[in-house]
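> can't give you the sequence, but here's the structure:
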Ligand code: ADP
Ligand code: MG
């Protein structure tokens, strides 16, 4: 653990006041900090260099170069980069809202409108990466999607249940306040860095496998289509509150399920979700990467364009 006060001794870091820990991973800790020069809050990701091999360090430096060249409102922007003997410091914009993943846990699942609001922004970020920059993110998942700022969310109290009602599926469903841009801005963070470390250490992080595309699991060549698969997994998870591919403890079973594209729109959770949303999920969770929707097809899908009226639970 990096002692927070120690960082301020480093040249270039005196301008930041570390406030709290936002998250941590195997090789890094992310702090919330105050930039005293601009009087704004930032996030500082501190990566421990000493545990990294030379080629991993080179990959990180390349990735940082790439991040510096990115400029899109759906992609977490890198404001600065510093390096000491022991650490890399990546200074990025702060997302006060935290992780999309925590939102799913908190909300149980998203309404279709809220899911569309989020997925559209993520898809636009992916569109920028794929079509403008020609790069693949490779680590799209809820934990790497951040919110800024989080607006007010209100719980809709479930209507009183009549004894002979259909089984209720809308309990715990929340609606969002659409005033001023829905839930706020969604940003893709963690640009490839963790993936570099994991890949080159040839370890598969178990927490991520559920979002990994079949061609990766099967160790075939992969490209932009992997981000589209992951986007399909995120969309699926947002809509129902659980991931499309899941196995409690057996990684081999999970791998097989992913390789076969073995998922279902389970009842009752998916009963009230529109066919258009299911259609987009199905085109993204398509095992053959050549048949899978690319970002252009995704961005022009009727559900994402919002041309269809979403059915709500109970209707
Ligand atoms: P890792 O390589 O460990 O996955 P991340 O860059 O994904 O590192 O950061 C880890 C966690 O820290 C994120 O999942 C998120 O909770 C938090 N975090 C990272 N960057 C920010 C940010 N700019 N604003 C708010 N929280 C952040
Ligand atoms: Mg991450």
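That came through, no problem. If you're wondering where the values come from, they're calculated on a predicted model, not measured in any experiment. Ligands and ions are numbered 1, 2, ... in the order given.

> what ranges do the helices span in the stretch 201-315 of the chain?
In the stretch 201-315 of the chain, the helices defined using DSSP state H, counting those that start in this stretch lie at 206-209, 214-217, 225-240, 251-260, 275-284, 295-299, 302-305.

> residues of the fifth one that come out buried?
By neighbour count, and taking 16 or more other CB atoms under 10 Å as the criterion, the buried residues in helix 275-284 are 276-277, 280-284. C-beta coordinates here come from the backbone N, C-alpha and C atoms, glycine included.

> just checking, next helix/strand downstream of the helix or strand bottoming out on mean pLDDT in the chain?
Within the chain, no helix or strand scores below strand 174-176, which has a mean of 40 by mean pLDDT, DSSP states H and E. Beyond strand 174-176 on the C-terminal side, the first helix or strand identified by DSSP states H and E is strand 185-188.

> by contact count, what packs against that following strand?
Judged by 3 or more CB pairs under 8 Å, 6 or more residues apart in numbering; DSSP states H and E, the packing partners of strand 185-188 are helix 112-127, strand 145-148.

> Least confident of those, on average?
With a mean of 88, strand 145-148 has the lowest mean pLDDT of the helices and strands packed on strand 185-188.

> starting at the chain centroid, how far to that strand?
8 Å (CA atoms, centre = their mean, to the nearest Å).

> Name every strand pairing with it and say which way it goes.
Here strand 145-148 is paired, per DSSP bridges, with strand 98-99 (antiparallel), strand 185-188 (antiparallel).

> any bit of it sitting next to ligand 1?
Yes - with CB under 6 Å from any ligand atom as the criterion, ligand 1 is reached by strand 145-148 at residue 146.

> Show residues contacting that strand.
For strand 145-148, the external contacting residues (CB atoms under 8 Å, 6 or more residues apart in numbering) are 76, 93-101, 103, 118, 122, 183-189, 234.

> now with 6 Å?
95-97, 100, 184-187, 189 (CB atoms under 6 Å, 6 or more residues apart in numbering).

> about what we covered before: compare the helices and strands packed on strand 185-188 and report which one is nearest to residue 296.
helix 112-127 (7.4 Å; CB to CB).

> quick check: angle from the closest one to helix 225-240?
170 degrees (axes from the mean of the first three to the mean of the last three CA atoms, to 10 degrees).

> what's the most buried one of the strands paired with strand 145-148?
Neighbour counts (mean count of other CB atoms under 10 Å) averaged over each of those peak at strand 185-188, with a mean of 22.

> Which residues does that one contact?
Residues contacting strand 185-188 (CB under 6 Å, 6+ apart): 74-76, 95, 118, 121-122, 125, 145-148.

> The same query, at a cut-off of 8 Å, please.
73-76, 93, 95, 100, 117-118, 121-122, 125-126, 137, 140, 144-149.

> ditto for stretch 286-296
123, 126-127, 130-131, 213-215, 222-229, 259-261, 280, 283-284, 301.

> okay, how far is it across it, tip to tip?
16 Å (CA to CA, to the nearest Å).

> Drop anything exposed from the contacts of stretch 286-296.
123, 126-127, 130, 213-215, 222, 224-229, 259, 261, 280, 283-284, 301.

> returning to what we had before: can you say which of the helices and strands packed on strand 185-188 is nearest to residue 41?
Using CB to CB, the helices and strands packed on strand 185-188 put strand 145-148 closest to residue 41, at 10.6 Å.

> from the chain, which residue is nearest to ligand 2?
Residue nearest to ligand 2 within the chain: residue 190 (3.7 Å; CB to the ion).
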